[in-house]
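Participant: Got a sequence here, can you model it:
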Amino acid sequence: GPKVSYVPPPPPEDEQAIFARYQTGINFDKYDENAVEVSGPDPPEPLLSFEDANLSQTLNINIAKAGYSKLTPVQKYSIPIILSGRDLMACAQTGSGKTAAFLVPIVARMMRDGATASSFKEQQEPECIIVAPTRELINQIFLEARKFVYGTCIRPVGIYGGTQMGYSIRQIQQGCNILCATPGRLLDVIGREKIGLHNVKYLVLDEADRMLDMGFGLDMKKLISFPSMPPKDQRQTLMFSATFPEEVQRLAQEFLEHQYLFVVVGKEGGACSDVQQNILQVPQYSKRDKLLEILQSIGRERTMVFVDKKRKADYIASFLCQEKIPATTIHGDREQREREIALQDFRSGKCPVLVATSVAARGLDIENVQHVINFDLPSTIEEYIHRIGRTGRCGNTGKAVCFFDNNTDGHLAQSLVKVLS
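Facilitator: This is a model prediction of the structure:
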């Protein structure tokens, strides 16, 4: 393809910008009710508060500044497991606080081991590698990592496709202890010998189910079969996934040490209970007008609209703009720069409607999305659960509306009834 020249704008370095955050919803306390099941040999006790984790003062200050005070269920159970060095497979829905659940204990242990970045090495040897499926998710994990390592010598780096290769390499060469990367770009920098693997102590696979759906299964297998990658008994591997289908179970078997612990928060593959769900029977040709009617009735509240095709996303967005509803799109054909501008416009409220295909939507952490409209239902129930997870994040309550067309969506009827009951 054409040579990619995009260099993303550098994230601001001042303390205030690093710790910028969004308000958690009122419902955070409701998180306690989520039943958690832990299976596997002698798991450590769950944590009751961040203070009980015996973290260093620096890390405690950063946790507080980043706005974390109450532990979410996935954090309660995962943090002690990771601190004790065990491998983990965790099933938790998007928006459950899992990024902090793995970053906090990893950063704590790296600080204890005195990890420091040095910028003069041609090949960097990170202690921690975090792999996630989308550019947006990698950027989010990277920005979160910067908060926890603030004031230490640990340096996180985030790299992903759609940006200039030279830019990724320059980021790495300034020093790299925690590398957050999408699978393709990660294999690329390893292949170019910019990243060495023999120092890896922590390997994290986030949204493992999504990575498999997107065809990254082989890339993940390649990663662990590099001769220089420490074998599974000499590294700690952590996997997170919203759903736990057969393929993810096989992946866990292959990547994790056989004594690993399995943590399930809430119903595995259950819909976000903070999301109120409505199903409307709308035939294909009436969907456009129904959408307009709903959007006009909700005013300027942030809304994500999901469609099944990239072309349709652009078409619906331009239709909405003609109807004086400012809308923007995010999908796989848009360049990284355009995707970032679209997200910015949506976050700032300049475009209160974001029309997206589902690939673009996994793992996006967009503050207070009030509504999700499934213009086209996805082909699988797992994808549906992921989509509506966009609104009820961090205890913010949201609404989800689905257009159900008997002719095309019949196959989902049974599962929808199950998810909704």
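Participant: So what's the residue count around Ala115?
Facilitator: When neighbours are counted by other C-beta atoms under 10 Å, Ala115 registers 21. C-beta here means a position set from N, CA and C on the backbone, and glycine is covered the same way.
Participant: To clarify, my last question referred to Asn60.
Facilitator: By the other C-beta under 10 Å criterion, the neighbourhood of Asn60 contains 15 residues.
Participant: what's the regular element (helix or strand) spanning it in contact with?
Facilitator: Using DSSP states H and E, Asn60 sits within helix 57-65. The contact list for helix 57-65 (C-beta atoms under 8 Å, 6 or more residues apart in numbering) reads 19, 50-51, 55, 100, 104, 107-108, 111, 147-152.
Participant: just the strands in the stretch 51-200 of the chain please.
Facilitator: Secondary structure of the stretch 51-200 of the chain by DSSP state E, counting those that start in this stretch: the strands cover 88-91, 128-131, 156-159, 178-181.
Participant: nearest to Val263, of those?
Facilitator: Val263 sits nearest to strand 88-91 of all the strands of the stretch 51-200 of the chain, at 4.4 Å, using C-beta to C-beta.
Participant: hmm, back to that, and the helix holding Asn60, what's buried?
Facilitator: When neighbours are counted by 16 or more other C-beta atoms under 10 Å, the buried residues of helix 57-65 are found to be 58-59, 62-63, 65.
Participant: any idea which of the strands of the stretch 51-200 of the chain scores lowest on pLDDT?
Facilitator: Per-stretch mean pLDDT for the strands of the stretch 51-200 of the chain is lowest at strand 88-91 (a mean of 94).
Participant: tell me the pLDDT at Lys287?
Facilitator: Each residue has a pLDDT score; the one for Lys287 is 93.
Participant: where does it land in three-state SS?
Facilitator: Applying DSSP: H, G, I helix; E, B strand; the rest coil to Lys287 yields a three-state assignment of helix.
Participant: and the strands of the stretch 51-200 of the chain as CSV, adding distance to Glu301 and mean neighbour count?
Facilitator: Formatted as CSV, the strands of the stretch 51-200 of the chain follow (distance: least, C-beta to C-beta, whole Å; neighbours: other C-beta atoms under 10 Å):
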stretch, distance to Glu301, mean neighbour count
strand 88-91, 30, 26
strand 128-131, 33, 26
strand 156-159, 30, 26
strand 178-181, 31, 28
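Participant: of those strands, which approaches Phe346 most closely?
Facilitator: Among the strands of the stretch 51-200 of the chain, the nearest to Phe346 by C-beta to C-beta is strand 156-159 (20.5 Å).
Participant: so how far is Gln281 from Leu377?
Facilitator: Here the criterion is C-beta to C-beta, to the nearest Å. By it, Leu377 lies 12 Å from Gln281.
Participant: do Ala20 as well
Facilitator: 42 Å.
Participant: now the helices for the stretch 151-300 of the chain?
Facilitator: Applying DSSP state H, counting those that start in this stretch to the stretch 151-300 of the chain gives helices spanning 165-173, 183-191, 208-213, 217-225, 246-255, 287-298.
Participant: and His331, which of those helices is closest to it?
Facilitator: Each of those was checked against His331 via C-beta to C-beta, and the shortest separation belongs to helix 208-213, namely 15.7 Å.
Participant: Could you break this structure into its assigned domains?
Facilitator: Following automatic domain parsing, one gets these domains for the chain: 15-265, 275-420.
Participant: From Gly332, how far off is the residue nearest to Tyr260 when sequence neighbours are not counted?
Facilitator: Taking C-beta to C-beta, 6 or more residues apart in numbering, and ignoring the residues beside it in sequence, Tyr260 has Asp87 as its nearest neighbour in space, at 3.8 Å. For Asp87, the distance to Gly332 (C-beta to C-beta) stands at 33 Å.
Participant: do the same with Ser168
Facilitator: Counting by C-beta to C-beta, the gap between Ser168 and Gly332 amounts to 20 Å.
Participant: ranking the contacts of helix 57-65 by neighbours, who comes first?
Facilitator: Neighbour counts for those (other C-beta under 10 Å) peak at Val107, which has 29 neighbours.
Participant: is it true that that residue touches Ala145?
Facilitator: Yes - taking C-beta atoms under 8 Å as the contact criterion, Val107 and Ala145 are neighbours in contact, 7.4 Å apart.
Participant: Quickly list what's touching both of those two.
Facilitator: When C-beta under 8 Å, 6+ apart defines a contact, the residues bordering Val107 and Ala145 alike are Ile178.
Participant: re the thing from before, give me the common contacts of Leu377 and Gln281.
Facilitator: Listed contacts common to Leu377 and Gln281 are 404-405; contacts here mean C-beta under 8 Å, 6+ apart.
Participant: More neighbours: which of these two?
Facilitator: The neighbour count for Leu377 versus Gln281, taken as other C-beta under 10 Å, is higher for Leu377 (22 against 11).
Participant: Would you state the predicted confidence (pLDDT) at the more buried one?
Facilitator: Looking at Leu377, its pLDDT is 84.
Participant: That one and Cys402 touch, don't they?
Facilitator: Yes - in terms of C-beta under 8 Å, Leu377 counts as a neighbour of Cys402; the distance is 6.1 Å.
Participant: Alpha carbons only: can I get stretch 121-131 in CSV?
Facilitator: Once side chains and other backbone atoms are set aside, the C-alpha atoms of stretch 121-131 remain, and they are given as CSV (Å, rounded to 0.1, in the frame of the first residue of the first chain):
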residue,chain,number,x,y,z
LYS,A,121,20.3,1.3,23.6
GLU,A,122,19.9,0.4,19.9
GLN,A,123,17.6,-2.5,20.9
GLN,A,124,15.2,-1.9,23.8
GLU,A,125,14.3,-4.8,26.1
PRO,A,126,10.9,-4.1,27.8
GLU,A,127,10.0,-5.9,30.9
CYS,A,128,6.3,-5.8,30.0
ILE,A,129,4.5,-6.2,26.7
ILE,A,130,0.8,-5.4,26.4
VAL,A,131,-1.0,-6.5,23.2
